[in-house]
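Trainee: sequence-free structure coming up:
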């Protein structure tokens, strides 16, 4: 407590010294000289500048004490400097390694002073903290690191809030692509594909568009778990591959996002339909089996699975002239 009072006293003494502005000598119209006093500097302004100086000189503990004292004395007064004081206090806490504590000050600024010029800066600081958490930094509580899952959850919430608070902005764009890329990096592929969808809808002309389109395709393909599971992601990826090839033909060839990959996806989709037909046969549901086999021939002609479907139809006496026309070399 004594140290805190000493710092505050030093700050006020410094402010008083700054306030003691020298007189200004002006040339009068008659050719003589007149003396006038400069208006005194604002004491609150000076105290915040002193705190900012401590932050700039890597003395966050000094800044934290000064700013906490100032906020205690001006709490809920709606002082014009309160948003700046909260932002500076958050910055000092980050510099001191307590970014989780900083979030409380940034959040208070964001919620209580949305009209302030510090509003955007506070959201940007939260996005920076989210990026640190995604890059492996652990959230601390009472000076102790918490589980990485806690840091991830906090980072996700911060990035979602940034998009909600500043829709359509460059900061929201940064938050959206960061979240999508993180899900992709940690192989949470369903969420990655969904987030890339949201990103491309909200920011269709983004400079990150090419990467988002490409990674969305990879996420959809990689999330396919096999013929026994839902193949909707594969069907979507076929359309997305062709879209990517239209927009970025050279990159599509380099990344093998071309018709050859579409053909391989066709085989996977056809295999899934064949497995479904075989399941119907096993359960004596012949109408459903025949319908699924004919759908396979219609939608995936030329695949290995289609050839097998044709054979099943023939073996069971279900083959019609129209079925053979579905197959083409």
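Mentor: All right, it came through fine. Just so you know, these numbers come straight off a predicted model, no measurement behind them.
Trainee: Tell me which helix or strand residue 61 sits in.
Mentor: helix 60-73 (DSSP states H and E).
Trainee: Who are the packing partners of that helix?
Mentor: Where contact means 3 or more Cβ pairs under 8 Å, 6 or more residues apart in numbering; DSSP states H and E, helix 60-73 is packed against helix 2-19, helix 43-56, helix 82-95. C-beta coordinates here come from the backbone N, C-alpha and C atoms, glycine included.
Trainee: how about that helix: buried residues?
Mentor: For helix 60-73, the neighbour count (16 or more other Cβ atoms under 10 Å) marks 60, 62-71 as buried.
Trainee: Please apply the same query to stretch 152-168.
Mentor: By 16+ other Cβ under 10 Å, the buried positions in stretch 152-168 come out as 152, 154-156, 158-159, 161-163, 165-166.
Trainee: and the residues you listed as TSV, adding secondary structure?
Mentor: Below are the buried residues of stretch 152-168 laid out as TSV (DSSP: H, G, I helix; E, B strand; the rest coil):
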residue	secondary structure
152	helix
154	helix
155	helix
156	helix
158	helix
159	helix
161	helix
162	helix
163	helix
165	helix
166	coil
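Trainee: so which of those residues comes closest to residue 54?
Mentor: Checking these against residue 54 with Cβ to Cβ, the nearest one is residue 158 at 26.3 Å.
Trainee: Show me which of the buried residues of helix 60-73 is closest to residue 181.
Mentor: The closest of those to residue 181 turns out to be residue 60 (Cβ to Cβ; 30.5 Å).
Trainee: which residues does the closest one contact?
Mentor: Counting by Cβ atoms under 8 Å, 6 or more residues apart in numbering, residue 60 touches 54, 92-93, 95-96.
Trainee: List just the nearest of those residues to residue 236.
Mentor: Distances from residue 236 to those, taken by Cβ to Cβ, are shortest for residue 93, at 44.0 Å.
Trainee: Enumerate every residue touching that closest one.
Mentor: For residue 93, the contacting residues are 60, 64, 99, 101-102, 105, by Cβ under 8 Å, 6+ apart.
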